[in-house]
Structures are given as C-alpha cells and as structure tokens.
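Engineer: coordinates for the following, if possible.
(one chain, ligands or ions: 1)
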Amino acid sequence: MDEPMAGPPPGCPAHGTGPGGLRRLYGPDAQDLAGLYEKLRAEHGAVAPVLLHNDVPIWMVLGHGENLHMISNPSVYTRDSRIWTPLLDGTAGPDHPLMPLITWQPICSHAEGDEHQRLRGSVMGAMSTINSRDLRRHISHWTQELVNHFCHRGTADLVSQFAEHLPMAVLCEILGMPEEYDDRMVQATRDLLKGTETAIASNEYVMSVLMRLTVRRRAEPAEDFTSHLINHPAGLTDEEVGQHLRVVLLAAYEATANLLANVLRVVLTDPGFRAQLNGGQMTVPQAVEQSLWNEPPFSNVLGYFAKQDTELGGQRIRKGDGLLLGMAAGNVDPHVRPDLKANMMGNRSHLAFGGGPHECPGQDIGRAIADVGVDALLKRLPDVQLAVDEDDLAWTASISSRHLAELPVVFAPASPQDVMERPGVSEVPRPRPDWDTSDPSLEATPVPRPTIDLPEPPAADPATGPEHRLGAWQRFVRWWRGY
Ligand code: HEM
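Structural biologist: Predicted coordinates:
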C-alpha cells in the first residue's frame, strides 16, 4: 500500500520527483499528463499517490472501476472539501492556485444528501422543461449564424469562431437571455475559467448578468430555464438561483466547447474514422461518443474526499484524504479498453459525465450541441479541411481539461445563407424525448443577423486551398449529406 504522506518506498522509480518521492501533477514533469497517468498506473496500479501544486498530496484514481466505485458510494466519498486534511491542517492554504476549484460553495456540485437533492432537483426540474426540438433548432440556427460570419473568407479557426461560441449562444437562449450572447460574454466566461488576473472582474461581470436575469424573471416569469428554476417547489433564493445559473453556464460552456472542438478534429483528421463514416458504419452521435472516450472534455474532477478510513484499488485511504476523479485516465484503463484503437461503437460507459449522485444532468444537451452543430457545420462547409498538419495543432492542458487552442481550416468560400427563425421555449413542460439529430424541419427560414464580433481568421493560403485537396473527402461529405 502507498502512503500519500509517507517517504518513498525502497527503489521507487519516482524517487526525487517531489516530497515523499511522489510524482507531481503540475510543473515541468507534468507536460504530458496522459503519459504521466500511464507511469503512475505502472508504478501504483489503479490508485496512485501524487502531488498537486505546492506539493499538496492527493490520490489520483486511474482505474475505470475504481472511479465508478468512488463516485457511486456517497456514504464513503463526498464532494464537500471542508473535510480535506490539507485544508484543515493548512498545507493547502487559501492562496493555493487550485482553491477556486476546491473551495466548498453552497451549490449542487458540492452538496450531499437532502440538500443535494433539493438543489439538483431544482436544476433537473428546470432542465426537464427544455423542449428537445426547440433545442435542436437553436443549435442549428446558431450554427448557421456563426458560419455566416466566416463562410465568405474560405478560412476559419473553428475553436475561436465556432466551438467557443455555439454553446454560449445556445445556453443564453435556454437560460432566457438571448440578448446577452455576445463576444464579451464568451470572453468573460473563458477568462474566469482560465483563472487569469482578470478572472475576478470577469466573474463579476458574468454574475451581474445572471443576477439581473434572476431579478427580472422573479418579477416577470417567462417560459425559460431560469423562470422554471425560480418557480421550482424547492423554493431557491435569488442567490441560489444565480449561483446555479453560473454552475450550469460554466459546466455547460467549457465542456461543450471542448467536446465540439474535439469531435471536429477527429472528423477532420482521422482517416480511419472518415473511412468508417464513408462506409456508413458510424453516425455522428457515435463519433461524439468515441471522442468522449478518447478526449473527455473534463480530464479530472477535483475532487472527492474520504469520509472514513477505507480502501480503494489496493490503497489505504484515510478519512480526510482527497481523491481526483480521473476521467481521462479511467477512460483508457486497459481493463476496459485493452485496444485503444478499437471503435467503441457508441458505447456510453465512459466516465466523461462522471456518475453516481453527481452525474452530469446536462449530458444530453451537451451531446445534442455536438451532434447537431457538427452535422450542420459539415453541411454548410462540405469541403472543409484542416489548414495545418495535424501534428502542428496546439493544445492547452491543465489538471481539469485538455483542449485544442485552435483548429485552422480552409474551405471553398461560400455566400452567407438565410437562417431559420428563433424558436420559443415550449409552453408545456415536457420530459426530454429522443435526441435525434437528423430532423429535416430544422432547415432555414430568415432572421436578422446577430451582432457578434468574431475574431479574424488567419489569411487563406491559396497553395493549400480546398480545391487542391478534394476527392475522398468530397465523396464522404456527399454521402453525409445524402446525395
Ligand atoms: C459535453 C458536455 C458536458 C460534459 C463532458 C459534462 C461533464 C460533467 C461532469 C464530469 C460533471 C461532474 C460529475 C461529478 O461531480 O462527479 C458535471 C456536473 C454537472 N454538469 Fe455537466 N457536462 C457537460 C455539459 C453540461 C451541460 C450542457 C449542462 C447544463 C445545461 C451541465 C450541467 C451540469 C451540472 C448542473 C452539474 C452538477 C451536478 C451535480 O453535482 O449534481 N453539464 N458535468
């Protein structure tokens, strides 16, 4: 058994890497986190002692089964960090860089028992009023709007001009504040998630928007998520409503933006994947699921905390120890995926959405944005292809997530298209039915152009223009579009 606080075991290959001979999940030794997880798996098995920033000890849960066991046993593990030993003994002080992710807040993500049910029940109740057909229309509408902004150029960065905008536009519609979707909202949300010097000001901006919406809807309810959250029988206060709008906005925005970029990258770069699509064996939703296995939008959740002494993956866990829910590592556990190249064929037993009482309640919305958004984008830009070598794509990684910094593409310049009218939210709350993405009624009717200000794409290189690289891809797209 490993001891997260004890000295290195004799002959430990990690000796010298940090106090106790433990490997660090930060700094120069953690540039390749996926590689680090495999070293840890080889050295310690399914659960490994590691060091967070400032060399604060924590357990990294690497096994698929061990992660599932942890998140499914709320009597043993909690998301309430107030019992975490390094917090209580001052090892992790208030200035610890990961404190914004760790500090307990009165929100559903950190609550347990009856309080968790009250808060999560309100969020789920409001979510159940979202009409899936309207949701798909919003996604299709905003995809058309975003593509209209760059389609005439023949080049785009699908991260900054598409993946980072579509979830925000759709979320603003769902929450009941479509007028708040603009570049400032996108930039502020990205900024506060990055934890930069301006993160506090950005957070204040986002919170001011959400609190204004809360007050407005308390006075004058409408048919939207926010009004249903306010009017839920659980009786949330304005402060609780505002904080849960923030939870939903942040969780939904970052994860879905990452997922969209990842799925687009796979579609644009993986020849095997394209061949399978060509052969008609893989649907877009299956492609999304494959991406959720290989590159989960959140790599780890920080964290879970042991409420009692216990054992996990052969390690002795002490009451007050912290554990990282390792989605990226658990998804490539050789016990569940002996062959990482194998197609998972739409299998949904990955850890991308967590599990147990805190399992992501918005997963079908995230999936729908990726399914409909990718499908609609490929229909608009049938010859789209990567403008750089796949190996030249830049990634940004942290403990929480790994995502593409940009995804430059080229395509034949095309004219903007009229887009469909904005739908309203269903008047009658209905449970979500299927999430079929192939709905012909999503086709366009005109509405005014939005006033968003998207970043300029890089200039097109005529030598690498799409006309030089058509062929198999064109055939694939024709198949995709059904003609
Ligand atoms: C691809 C998209 C998404 C991914 C990968 C994702 C992933 C996750 C994960 C890993 C958790 C934490 C699970 C845990 O603590 O064990 C979570 C929680 C949550 N997610 Fe998502 N999410 C996505 C989209 C969304 C969307 C679209 C919404 C809302 C519209 C949403 C709302 C929430 C909420 C409210 C929680 C907290 C639930 C609780 O603690 O009871 N998520 N999500």
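Engineer: going by C-alpha atoms from here, please, whenever you check contacts or count neighbours.
Structural biologist: Noted.
Engineer: sketch out the low-pLDDT regions of the chain for me.
Structural biologist: For the chain, the stretches with pLDDT under 70 are 1-16, 195-196, 271-282, 420-483.
Engineer: again, only using 50
Structural biologist: Applying pLDDT under 50 to the chain picks out residues 3-16, 421-451, 457-483.
Engineer: quick one, longest helix in it?
Structural biologist: Looking across the chain with DSSP state H, the single longest helix is helix 238-269.
Engineer: got the buried residues for that one?
Structural biologist: Applying a neighbour-count criterion of 16 or more other Cα atoms under 10 Å, the buried positions in helix 238-269 are 240-247, 249-268.
Engineer: which of the residues you listed are close to the ligand?
Structural biologist: Applying Cα under 6 Å from any ligand atom to the buried residues of helix 238-269, one finds that 247, 251-252, 255-256, 259 fall near the ligand.
Engineer: which two in the residues you listed are spaced the farthest apart?
Structural biologist: Farthest apart among those by Cα to Cα are 247 and 259. That separation is 17.9 Å.
Engineer: and stretch 221-240, how far out from the chain's middle?
Structural biologist: Mean C-alpha position of stretch 221-240 versus that of the full chain (Cα atoms, centre = their mean, to the nearest Å) differs by 25 Å.
Engineer: mind listing what's buried along it?
Structural biologist: 223-232, 236, 240.
Engineer: ok, so of these, who is nearest residue 127?
Structural biologist: Relative to residue 127, and with distances defined as Cα to Cα, the nearest of those is residue 225, at 6.5 Å.
Engineer: the nearest residue to that closest one once chain neighbours are set aside and residue 245, how far apart?
Structural biologist: Leaving out its chain neighbours, the residue that sits closest to residue 225 by Cα to Cα, 6 or more residues apart in numbering is residue 175, at 4.9 Å. Noted for residue 175: a distance of 8 Å to residue 245, by Cα to Cα, to the nearest Å.
Engineer: what sits in contact with each of these two?
Structural biologist: With contacts defined as Cα atoms under 8 Å, 6 or more residues apart in numbering, the residues shared by residue 175 and residue 245 are residue 226.
Engineer: residue in the stretch 151-300 of the chain nearest to the ligand?
Structural biologist: Scanning the stretch 151-300 of the chain for the residue nearest the ligand gives residue 252, at 3.6 Å (criterion: Cα to the nearest ligand atom).
Engineer: residues contacting that residue?
Structural biologist: Applying Cα under 8 Å, 6+ apart to residue 252 gives the contacts 167, 171, 362, 366.
Engineer: what helices or strands is the host helix or strand of residue 147 leaning on?
Structural biologist: Element membership for residue 147 (DSSP states H and E) is helix 132-150. Taking 3 or more Cα pairs under 8 Å, 6 or more residues apart in numbering; DSSP states H and E as contact, the helices and strands that helix 132-150 lies on are helix 166-175, helix 363-380.
Engineer: tell me which residues of the first one are tucked away?
Structural biologist: It refers to helix 166-175. Of the residues in helix 166-175, those buried under the neighbour-count criterion (16+ other Cα under 10 Å) are 166-175.
Engineer: the residue in the chain that the ligand sits nearest to: neighbour count?
Structural biologist: Residue of the chain nearest the ligand, by Cα to the nearest ligand atom: residue 109 (3.1 Å). The local packing count at residue 109 equals 19, with neighbours defined by other Cα atoms under 10 Å.
Engineer: quick one: contacts for it?
Structural biologist: With contacts defined as Cα under 8 Å, 6+ apart, residue 109 is in contact with 79, 116, 358.
Engineer: so which of the residues you listed are in helices?
Structural biologist: Secondary structure assignment by DSSP H places residue 116 of the contacts of residue 109 in helices.
Engineer: near the ligand, which residues of the stretch 101-250 of the chain show up?
Structural biologist: When proximity is defined as Cα under 6 Å from any ligand atom, the stretch 101-250 of the chain approaches the ligand at 108-109, 120, 247-248.
Engineer: can I get those in JSON lines including distance to residue 38?
Structural biologist: As requested, these are exported to JSON lines (distance: Cα to Cα, whole Å):
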{"residue": "108", "distance to residue 38": "32"}
{"residue": "109", "distance to residue 38": "29"}
{"residue": "120", "distance to residue 38": "35"}
{"residue": "247", "distance to residue 38": "32"}
{"residue": "248", "distance to residue 38": "32"}
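Engineer: from these, which is closest to residue 306?
Structural biologist: Closest to residue 306, out of all of those and judged by Cα to Cα, is residue 109, at 16.2 Å.
Engineer: quick check: the closest one vs residue 246, distance?
Structural biologist: Looking at residue 109 against residue 246, where the rule is Cα to Cα, the gap reads 12 Å.
Engineer: residue 187 now?
Structural biologist: When Cα to Cα is applied, the distance between residue 187 and residue 246 equals 15 Å.
Engineer: same check, this time on residue 79
Structural biologist: According to Cα to Cα, residue 79 stands 18 Å off from residue 246.
Engineer: and residue 46, by the same measure?
Structural biologist: Distance check for residue 46 against residue 246: by Cα to Cα, it reads 34 Å.
Engineer: what does residue 316 give?
Structural biologist: 36 Å.
Engineer: tell me who's in contact with residue 167.
Structural biologist: Under the criterion of Cα under 8 Å, 6+ apart, the contact partners of residue 167 comprise 252-253, 256-257, 369.
Engineer: now do residue 34
Structural biologist: When contacts are counted by Cα under 8 Å, 6+ apart, residue 34 touches 328-329.
Engineer: if we go to 10 Å?
Structural biologist: If a contact means Cα atoms under 10 Å, 6 or more residues apart in numbering, then residue 34 has 299, 328-329, 332 as its contacts.
Engineer: nearest to residue 418, of these?
Structural biologist: Among the contacts of residue 34, residue 299 lies closest to residue 418 (Cα to Cα), at 38.1 Å.
Engineer: was I right about the closest one contacting residue 327?
Structural biologist: Yes - counting by Cα atoms under 10 Å, a contact exists between residue 299 and residue 327, whose distance comes to 5.3 Å.
Engineer: okay, and the common contacts of these two?
Structural biologist: Among the neighbours of residue 299, those also in contact with residue 327 (Cα under 10 Å, 6+ apart) are 351-352, 400.
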